[in-house]
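A.B. asks: compute the structure for the input listed below.
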Amino acid sequence: MIEVRPGGRRRIDRVLSPDYTSGIEDRTLGEVRELRDEAAQEETDLSYLRRVLHARIDIVRAEQRRRRERGSASVVEQLVNILADNAVGPATGSGRYQTTEPSRAEAHRRHVEALVSDVDLSDVMSLSEAKLDQALAAYTGEEDSVSQRRHEVQDVVDRLNAEIARRYREGAASVDDRLAEERDRR
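C.D. replies: As a prediction, the model looks like this:
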């Protein structure tokens with residue numbers, strides 16, 4: 001489970017700290033954007049972790065379904081369809097277009113593998129029913145935790161975006177100033 005440690009140094013600890021957005025009205029626009037970008041990166045990483053977990057969940061469920069239905073095709077033979085089914089279905093979360101890449105993909109993969117360290121999904125057909133049930137419980141429990149944290153991070157991003165929008169709406173920030181900042185960076 002993803003725990004937030006008060007006073008912790010990880011990005012999620014900072015972003016979900018109660019004081020992360022306190023006083024944003026008094027911060028510079030650049031500071032608010034930096035906070036928003038940091039929170040958005042955490043959202044991207046959590047979204048990536050959710051996708052990794054969903055893939056594992058789909059593989060375990062497919063093997064359980066294959067056994068129930070006494071199917072002959074292996075999960076490996078069906079892997080493209082298993083993973084594609086979730087990718088083309090209707091959106092079920094509060095997904096957003098993300099402009100950043102996951103920053104900790106390898107760490108997330110290791111985290112997911114450690115959840116069920118003695119279950120090797122590369123040979124899912126050889127696993128016992130109990131091992132499949134154990135893996136599914138671990139993956140779905142972690143996905144619930146990640147989804148909750150992701151939702152909390154999205155709330156932080158929304159608060160910061162609302163502050164940025166307020167400044168533009170009330171004239172405290174201008175598009176011309178933003179374009180000038182972008183030109184100066186180049």
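A.B. asks: what ranges does the chain have for its helices?
C.D. replies: For the chain, the helices defined by DSSP state H occupy 11-15, 29-68, 75-88, 105-115, 129-169, 175-185.
A.B. asks: what's the least confident stretch among the ones you listed?
C.D. replies: The minimum mean pLDDT among the helices of the chain belongs to helix 105-115 (a mean of 67).
A.B. asks: contact partners for the closest residue in space to Ala73 that isn't next to it in sequence?
C.D. replies: Residue nearest to Ala73 in three dimensions, not counting chain neighbours: Arg66, with 7.3 Å by C-beta to C-beta, 6 or more residues apart in numbering. Using the backbone N, CA and C atoms, a C-beta is placed for each residue, glycine as well. Contact analysis of Arg66 by C-beta atoms under 8 Å, 6 or more residues apart in numbering lists Ala73, Ser74, Val75, Gln78.
A.B. asks: roughly how far apart are Ser22 and Gly71?
C.D. replies: Relative to Gly71, Ser22 is positioned 55 Å away (C-beta to C-beta, to the nearest Å).
A.B. asks: so which of these two has more stuff around it?
C.D. replies: Using other C-beta atoms under 10 Å as the criterion, Ser22 and Gly71 rank with Gly71 on top: 14 against 10.
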